[in-house]
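Asks: I'll drop the sequence and a predicted model, then ask my questions.
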Number of protein chains: 4
Amino acid sequence: MTEAPATETGDPTHWVLSLSCPDRPGIVHAVAGLLAEHGGNITESQQFGDPLSGLFFMRVQVESAASREELDTALTALASEFGMTWDLDVAGRRMRTLVMVSTAAHCLHDLLFRQQSEGLPVDIVAVVSNHTDLAGVAGFYGIPFHHVPVTKATKPDAEARLLALVEELDVELVVLARYMQILSDDLCRALAGRVINIHHSFLPSFKGARPYAQAHDRGVKLIGATAHYVTGDLDEGPIIEQDVERVDHSRHVEALMALGQDVERRALARAVRWHAEHRVLLDGHRTIVFR
Amino acid sequence: MTEAPATETGDPTHWVLSLSCPDRPGIVHAVAGLLAEHGGNITESQQFGDPLSGLFFMRVQVESAASREELDTALTALASEFGMTWDLDVAGRRMRTLVMVSTAAHCLHDLLFRQQSEGLPVDIVAVVSNHTDLAGVAGFYGIPFHHVPVTKATKPDAEARLLALVEELDVELVVLARYMQILSDDLCRALAGRVINIHHSFLPSFKGARPYAQAHDRGVKLIGATAHYVTGDLDEGPIIEQDVERVDHSRHVEALMALGQDVERRALARAVRWHAEHRVLLDGHRTIVFR
Amino acid sequence: MTEAPATETGDPTHWVLSLSCPDRPGIVHAVAGLLAEHGGNITESQQFGDPLSGLFFMRVQVESAASREELDTALTALASEFGMTWDLDVAGRRMRTLVMVSTAAHCLHDLLFRQQSEGLPVDIVAVVSNHTDLAGVAGFYGIPFHHVPVTKATKPDAEARLLALVEELDVELVVLARYMQILSDDLCRALAGRVINIHHSFLPSFKGARPYAQAHDRGVKLIGATAHYVTGDLDEGPIIEQDVERVDHSRHVEALMALGQDVERRALARAVRWHAEHRVLLDGHRTIVFR
Amino acid sequence: MTEAPATETGDPTHWVLSLSCPDRPGIVHAVAGLLAEHGGNITESQQFGDPLSGLFFMRVQVESAASREELDTALTALASEFGMTWDLDVAGRRMRTLVMVSTAAHCLHDLLFRQQSEGLPVDIVAVVSNHTDLAGVAGFYGIPFHHVPVTKATKPDAEARLLALVEELDVELVVLARYMQILSDDLCRALAGRVINIHHSFLPSFKGARPYAQAHDRGVKLIGATAHYVTGDLDEGPIIEQDVERVDHSRHVEALMALGQDVERRALARAVRWHAEHRVLLDGHRTIVFR
C-alpha cells in the first residue's frame, strides 16, 4: 500500500483505488457501496475477471471528501472479508522514482523530458549508474546522480547501496532504463513489483546478446521492444507493454539500433505512466493493464 | 431496448448490460446492488464519466440465473430513478443485421466471412442492393438478396421497402457496406443509432467525391477509413472506429483504392463487432467505445 | 526464369527485370545500357548492394518494343559476364499459383477474393487440401479442388501427387495458406524459392505448437504473423513480411486466434503480391523486398 | 546545389546524387555511364517515373575517387542535355540546420537529442525563438540561442534578421519545430524547399486553431501529425511524412495534446532525416520520398 502524502485537506480528493481478489459475486457492489458511504463519486472504473486464474481486478477513480484514515479503515475491513490486495492513492500524485542507467541516454532523456513537460506522473529523485557518462544529463534536469560502479566483487555492495538509496529516498519505483547489469535474485525479491525494465527486443525474442544483430541477420521486417516487471527469471517478468517499428533490408545493424531506441523509449514511457497511475495489476505472471 | 430472444432457460445466463445517465454519486453501487440481488456475478465491467457532457456510461457483463422479466422489472425501476437509458442482452447473441451494398464486394465479403468463421456476433438476414452484381456472393453464403433499385423518382419507394424489410425481418442493425446512396433524413431518423456506414477516408477528410484521387493528388503518406453511425448530417455522424495504412509516392490512385479497401473492411468489421457486443454508447455526437 | 506468355506482340511491352550478382562497379550502367539499346524506357527501378553478402540486387520496370527473344539473348550474355541470376517477366502477368490448405478458410478466402477483386496478380489454378472442408470455397470461385489426404504412410505419394500437379499445371508459386503439414526436405528442395508459408506467429516466436495459447499465457501485448519462404529448416526460411496487432488482457485464446487470422491474411497477401510482382529477391537466408 | 565541404581527399568518397528531369529513355544509362567513367560503384539507387507529371526522379549512392570538380563538370554537362535538376553531396555529411521554436520544447529536444546520439545527419548551428523559454535547452546542448521577438510591427525586421542568420551561418535547412508564427510569402519564396514545418494534425484536417480540441470534440479515434515543406500556401506545402496514434474516448484534450507531441516529434525527426539524406524530391506539390 502506498503511504499517504504528507498533506491532505478535507476538500474532496480525487482518489485511485486498485484491487484484486478471488472472483465471486458481490465485489463491485461491496466496493461501490463502501465508496458511496464515504460520499464518493466514481468518475472512471474498470473491472476484469480472469476465468483462468479465478481472480478479479478493479481500478476505480473516485472523488470523495473522506479522509485517508476513514477510507483506509473501511478498505481494510472489506479487504479482509474478500481476501483483497488493494492500493489507495491520490490521483495524479507523482510516484517517487529512481532511474538506473549505464551509458545509453535515450530512455533517461525521454523520462526526464516527459516528467517535466508532459506530466508523466513520476518524481525522479535520483539517477543511479555504473558509469559516469550520463551525469551531465541528470545534472541538466537538476536530478542527483549517483555513480555506483559494479564489478563481480563489488556487486553485493553496489546492490546494498541501491537498496539504501531506495529506503532513504522513499523510492516507490525503480526503472531500469537500459541498465546493463543483471539484478541479483535477492534484489529482485526485495523490490518485487516495483522494478520496470525495458528489454531491447520483442519478447519472445532471440536469446542471448545483441538482439539487433540477430534481428538483422534473420532479416526481420519489424523490430520491437518490451517493457516488463523484473523478476528473478531474466527477461521473463510480466509484460506491461510492447511496441514495434517497421524496418526493411536496407537498414544495417546500427540503423536498427537507432530505430529500436525509439521503440524502447515509447514502450518504457507508457509502462512507467501506467504503473504510476496504478493501471497495471499483476495476474500471476501476466499483467492486467486498465488503460 | 433489445427484444428478448425467444428461448431462455432458468440456467445462469451471461448478460450484457449497457447504460448511460446523468453522472452523480451512487450509480455503480446501485447497479451492482441490483445485480447482486439477482445473484449476479460481474465478469467484466467498464465505466466512464464524461466531464464535458456530464453523462455517465457503463457496460457490465454479468452471470445471473434471474429471468429476463425479473431483470427488466428491476432495471426499469432503477432507470426511472437515475434517468437512465439502458439495454440488456444475452452475451454473444447474434444481432439481426441487414447489409446494404452497391457494387463493391470487399466489405460484404468480409462481413459474411467473419460471421461464419470468426464468430462476428451478427446474423446477416438480408443483403439489399441497388445493383445485382453481388447477388452471387450473398447466394454463396445462403443469404437472401433483395434487389431494390434506386432512382430519384423511386427513392421514397425504395426506402419504404427497406423499412418494411427491417420491420418484417426484425432487423436490429443496418450496415452500409459501401452502399453508394445517401439515405434520406427521414430514414436516418427512423433508424437512428442503428445504421453504421464505412466512409472511404479518414475523417476529417477531403470534401467531395473521389477521396483516393484527392489523397493521391495531395501526396498523403497515410490513407484511412472511418466507420460511423449515420445521421442526417452526411459523414458527420458519431465516429466508431478509424484506421490507416501507410502509402508512398509510387502508389497510383488504383493502388490507393485497393489498399483503402483493406482499411475499410478492417474498420467496418471492428465497428460492427463492437456495436453488436453493445460496446458502443452514444455521448452526444461522440461515441464511448468500451473495447 | 519465367516462361514467356503465349502471346506477345511487337507493341511496347511493360517488363519487369529482377537480378542479383556479386557487387562491382558498372552493373547499373551495363543493365541500363542493354535496356537503352533495346529502346527501353525505365519507369521504376530499385537497387541495393548488401555490404555483408557482397551481392547487388536490382529490380527494373521498363517499357520496350523488343521481343522476348532479343531481350533474353542480350540478358544471357550480360548475365554470363557479371555472374548474374536474373528473371524477366511481363509486368502485371498473373503468376500461376497453387494454394494448399487444411481446414482454416481465412487465408484461402482472402487470396481468392483479392485475386478476383483487387488485382492480386496471381492466377490460382488449383486448391489442394488434406481435408475436404474447403471444397465449397474453391468451388464458389470456380477453382479446381484436389483432395490429397496425408498420413505418415501416404505422405510420399501425396507429395508426388502435388509435384505432378505443379508440373502438369505449370505452377510457378505454391502458397501454404494454413496448410498444417510439414513438407519433406526433398519437396522443399524441389520447390526452393517457390513456396510461401504463413506462420501464425511473430518470428522469433514461441517454439512448438499452439502459439496463441503460449502468447496468451505469456501475456503479450502484440500478436503477429510471418510470411516466409519454405526451406527444409522449419519456420526458419527467409522472412518476406511480418505484421502485428495490438491485444490486451481481456482477450482469451480464441479471441487472439481470431485477431491473429486478420494479421495472417494481411501478411500473406502482401508477401504473395510482392513475390508475384518480382519484388522479393533472396540474399542468403534474408530477403530484399523492393516495395 | 550543395557547396563542397572544405576538405576532400583523393580517397574514394561516398557520394549521394539526387536528380529529376523530364522522363525519357536513356536517363539511367547516361547517369550510370557518367558514374562508371569516374570509377563509381553504385551502392544504393532508387528511381521513379511519375506518369502524371512526366518527371523522372533518381537517388544514387556511389563510391568514387573522383574529385568534386570532375563530378560537377560531368554532371553539369549531363544536366544540360537532359534538363536535369541535380544535387551532389558527400554521404552522411551533416546538413547545417537552424531550428525555430516558440515555447513548446518537445520537438527541439528531440532534434537536439537525435543529432547528438542517433546520428541524425544535421548540424544544428542555431536555435531562433520569438520567446526565451527554451534558451536553457539550447544552452545545455551548447547551441547558440537567438531571441528574435515578433510583433506585427517588427515582423519584417525579424524576418530580415532570420535571413541574415541563414546567410551568415551557411544554413541549408530551417526547421519550424512548433514555431507559432506564420512566415511571410517573401520569406517562403526566399527559402523555398529549405523549410520544414511540423503541423500538429493529420492533413487534411480540421481547419483553424486548436486542432486537438476539435479532434476531441469530433471524437476521432486516431490523432496525427504532418511534416511538410513550407510554401506561401499555409499548411498546404508538399507533405513529407505523416503519422498517427490511437486514442479513445477517455482522453481529454490535454491528453490528446501530450500524445500528439509524440507523433509530432516522430514525424518531424523522420522528415528532417530524409531531407538531410537527400531522400525527398519535389514532384510539383507532392514529394517523392526514397526511404
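Replies: Cool, the structure landed.
Asks: What count of nearby residues applies to A:M257?
Replies: 21 (other C-beta atoms under 10 Å in any protein chain shown). Any C-beta I mention is one placed from the backbone N, CA and C, and that applies to glycine too.
Asks: Look up how far A:P211 lies from it.
Replies: 10 Å (C-beta to C-beta, to the nearest Å).
Asks: Next: A:S117.
Replies: Counting by C-beta to C-beta, the gap from A:S117 to A:P211 is 30 Å.
Asks: Spatially nearest residue to A:I240 (excluding sequence neighbours)?
Replies: A:A271 (4.1 Å; C-beta to C-beta, 6 or more residues apart in numbering or on different chains).
Asks: my read: that neighbour touches A:Q242, true?
Replies: No: assessed by C-beta atoms under 8 Å, A:A271 is found out of contact with A:Q242, at 9.5 Å.
Asks: Scan the helices and strands of chain A for the one with the lowest mean pLDDT.
Replies: Lowest by mean pLDDT, DSSP states H and E among the helices and strands of chain A is helix A:211-218, with a mean of 82.
Asks: name the helices or strands packed onto that helix?
Replies: Helix A:211-218 is packed against helix A:253-276, with contacts defined by 3 or more C-beta pairs under 8 Å, 6 or more residues apart in numbering or on different chains; DSSP states H and E.
Asks: what about the helix it packs on, distance to the chain center?
Replies: 14 Å (C-alpha atoms, centre = their mean, to the nearest Å).
Asks: partners of the helix or strand following that helix, with directions?
Replies: Where DSSP states H and E defines the elements, the next helix or strand beyond helix A:253-276 is strand A:280-283. On the basis of DSSP bridges, the sheet neighbours of strand A:280-283 come out as strand A:286-289 (antiparallel).
Asks: average pLDDT for the partner strand?
Replies: Averaging pLDDT along strand A:286-289 yields 94.
Asks: And stretch A:118-133, by the same measure?
Replies: Here the average pLDDT along stretch A:118-133 is 94.
Asks: First-to-last residue distance for it?
Replies: Using C-alpha to C-alpha, to the nearest Å, the end-to-end distance of stretch A:118-133 comes to 25 Å.
Asks: Could I get the buried residue list for that stretch?
Replies: The neighbour-count check on stretch A:118-133 (16 or more other C-beta atoms under 10 Å in any protein chain shown) flags A:E118, A:L120, A:P121, A:V122, A:D123, A:I124, A:V125, A:A126, A:V127, A:V128, A:S129, A:N130 as buried.
Asks: Narrow those to those in strands?
Replies: A:V122, A:D123, A:I124, A:V125, A:A126, A:V127, A:V128, A:S129 (DSSP state E).
Asks: you'd agree A:V175 is in a helix?
Replies: No: counting by DSSP: H, G, I helix; E, B strand; the rest coil, one finds A:V175 to be strand, located in no helix.
Asks: Widest-spaced pair of the ones in strands among the buried residues of stretch A:118-133?
Replies: Of all pairs drawn from those, the widest gap by C-beta to C-beta lies between A:D123 and A:S129 and measures 18.8 Å.
Asks: which residues are contacting the least confident helix or strand of chain A?
Replies: The contact list for helix A:211-218 (C-beta atoms under 8 Å, 6 or more residues apart in numbering or on different chains) reads A:200-201, A:205-206, A:208, A:223, A:251-253, A:256-257, A:260, C:203-204, C:239, C:285-286.
Asks: Briefly note if the helix or strand harbouring A:V16 comes near chain D.
Replies: Using DSSP H and E, A:V16 sits in strand A:13-22. No: remark: strand A:13-22 sits outside contact range of chain D, by C-beta under 8 Å from any C-beta of the partner chain, the gap being at least 13.6 Å.
Asks: Which strands and helices lie in contact with that strand?
Replies: helix A:27-37, strand A:55-64, helix A:68-82, strand A:85-90, strand A:280-283.
Asks: all strands for the stretch 101-250 of chain A, in order.
Replies: A:122-129, A:145-147, A:173-176, A:195-199, A:222-229, A:239-246 (DSSP state E, counting those that start in this stretch).
Asks: Report the strands that pair with the fifth one, each with its relative direction.
Replies: If I follow you right, that is strand A:222-229. strand A:195-199 (antiparallel), strand A:239-246 (antiparallel).
Asks: again, but for the shortest one
Replies: With DSSP bridges as the test, strand A:145-147 is paired with strand A:122-129 (parallel).
Asks: Output the partner strand as PDB, nothing but the C-alphas.
Replies: The C-alpha coordinates for strand A:122-129 follow below in PDB (Å, rounded to 0.1, in the frame of the first residue of the first chain):
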ATOM      1  CA  VAL A 122       6.700  10.500 -11.600                       C
ATOM      2  CA  ASP A 123       9.100  12.400  -9.400                       C
ATOM      3  CA  ILE A 124      12.600  11.200 -10.400                       C
ATOM      4  CA  VAL A 125      14.500  11.600  -7.200                       C
ATOM      5  CA  ALA A 126      17.800  10.000  -8.300                       C
ATOM      6  CA  VAL A 127      19.700   8.600 -11.200                       C
ATOM      7  CA  VAL A 128      22.000   5.700 -10.400                       C
ATOM      8  CA  SER A 129      24.600   4.500 -12.900                       C
END
